[in-house]
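K.L.:
Provide a 3D model corresponding to the input given below.
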Amino acid sequence: MNVVAETGRAVSGFFETMRAHPLALALVVMNFALLGYIFYSGREMITLAYQSQKETALLLSKCVDLEYMQLKNKL
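P.N.:
Residues are numbered from 1 along each chain as shown. Here you go, the predicted model:
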């Protein structure tokens, strides 16, 4: 059993099916585009959430008096 020949037949069959049914090809392309968009936007959302948490922590650290924090740590 030749793996290259079998793979060639499978790929050829896939493209023949896609040529016969262009709507199916459009759906395959849109699925890959959607996966790419979800991956990209997910990474962007994680970056934005981390940046927001960092800014919030910075603002909160400026609201607490440094002397109070040092006194609290000594107790």
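
K.L.:
Now find how far off-centre the helix or strand of the chain with the lowest mean pLDDT is within its chain.
P.N.:
Within the chain, judged by mean pLDDT, DSSP states H and E, the helix or strand with the poorest mean is helix 66-74; its value is a mean of 73. Centroid separation for helix 66-74 versus its chain: 41 Å, with Cα atoms, centre = their mean, to the nearest Å.

K.L.:
And the strands in this protein?
P.N.:
With DSSP state E as the definition, the chain shows no strands.

K.L.:
Give me the residue ranges of it where confidence is low.
P.N.:
Judged by pLDDT under 70, the chain has its weakly predicted residues at 1, 75.

K.L.:
what about residue 25, neighbour count?
P.N.:
15 (other Cβ atoms under 10 Å). C-betas here are computed from N, CA, C, even on glycine.

K.L.:
Please tell me how far it sits from residue 72.
P.N.:
65 Å (Cβ to Cβ, to the nearest Å).

K.L.:
Repeat that for residue 8.
P.N.:
For residue 8 relative to residue 72 (Cβ to Cβ), the value is 71 Å.

K.L.:
cool, residue 24 as well?
P.N.:
65 Å.
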